[in-house]
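Undergrad: Fold the following for me, if possible:
(chains A and B)
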Amino acid sequence: RKEVEQDPGPFNVPEGATVAFNCTYSNSASQSFFWYRQDCRKEPKLLMSVYSSGNEDGRFTAQLNRASQYISLLIRDSKLSDSATYLCVVNGPNTGNQFYFGTGTSLTVIP
Amino acid sequence: EAGVAQSPRYKIIEKRQSVAFWCNPISGHATLYWYQQILGQGPKLLIQFQNNGVVDDSQLPKDRFSAERLKGVDSTLKIQPAKLEDSAVYLCASSLVLGPQETQYFGPGTRLLVL
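TA: Prediction:
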């Protein structure tokens, strides 16, 4: 079983729409959680960390459900510039704190 | 602040040849990671250094891959001999310290094509 699983999409949404991505992780002892954004042919960049209480950054809201072992990302009022691949990342509890990346969810915002 | 530097940006080789990639992390970052990203997949950790020591290399195919970070700064990743399935983007990342909440900063990657 993969450490982190995501629906690869693609998600094609019109500008202004709200879109949500989910991600599940297999290890209940995982310590920390992130969403990274990767533009086409570019490197991943941190979008936001995900905290147990949930956190919001402008149009982006991240939630963590430890009981069900899933993480979500909500994007409100989608912009064309939001088109990218969104990678779910989980930090394991093993020595060295290895980061596990999902396969990513592709989002295209359509004019 | 300068980001993570990698070279070369692109490399095309034939199978069974050798190739090396170089990474210079952000100044002062103690932790350095090498990832392999195959098309359509997320990055997969190959090896993780804390200063010049290896923290985790459990997913590094040691029969053909090697990596070093001799002075705790720059790092090289080598493949010898390369196979067709090694075609991927090799990403180097660094973080200030080793810890579960640390932000990783990625370099632009080296795109390797093995023919």
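Undergrad: got the buried residues for the lowest-mean-pLDDT helix or strand in chain B?
TA: In chain B, no helix or strand scores lower on mean pLDDT, DSSP states H and E than strand B:53-56, which sits at a mean of 91. Buried residues in strand B:53-56, defined by neighbour count with 16 or more other C-beta atoms under 10 Å in any protein chain shown: B:Val55, B:Asp56. For the C-beta atoms, the positions are set from N, CA and C on the backbone; glycine is no exception.
Undergrad: C-terminal to that strand, what's the next element?
TA: Using DSSP states H and E, the helix or strand that follows strand B:53-56 towards the C-terminus is strand B:65-68.
Undergrad: Quick one: mean pLDDT over that next one.
TA: Taken as a whole, strand B:65-68 has a mean pLDDT of 97.
Undergrad: do stretch B:89-104 as well
TA: On average, stretch B:89-104 scores 86.
Undergrad: ends of stretch A:92-107, how far apart?
TA: In stretch A:92-107, first residue to last residue: 26 Å (C-alpha to C-alpha, to the nearest Å).
Undergrad: quick one on the thing from earlier: given the least confident helix or strand of chain B, what are its sheet partners and their directions?
TA: Here strand B:53-56 has these sheet partners by DSSP bridges: strand B:44-50 (antiparallel).
Undergrad: and for the strand it pairs with, what are the contacting residues?
TA: If you take C-beta atoms under 8 Å, 6 or more residues apart in numbering or on different chains as the criterion, strand B:44-50 is touched by A:96, A:98-101, B:30-38, B:54-57, B:59-60, B:65, B:67, B:69, B:72, B:75, B:77, B:98.
Undergrad: Tell me the confidence at the residue positioned nearest the centre of chain B?
TA: In chain B, the centroid-proximal residue (C-alpha atoms, centre = their mean) is B:Trp34; its distance is 2.8 Å. Looking at B:Trp34, its pLDDT is 97.
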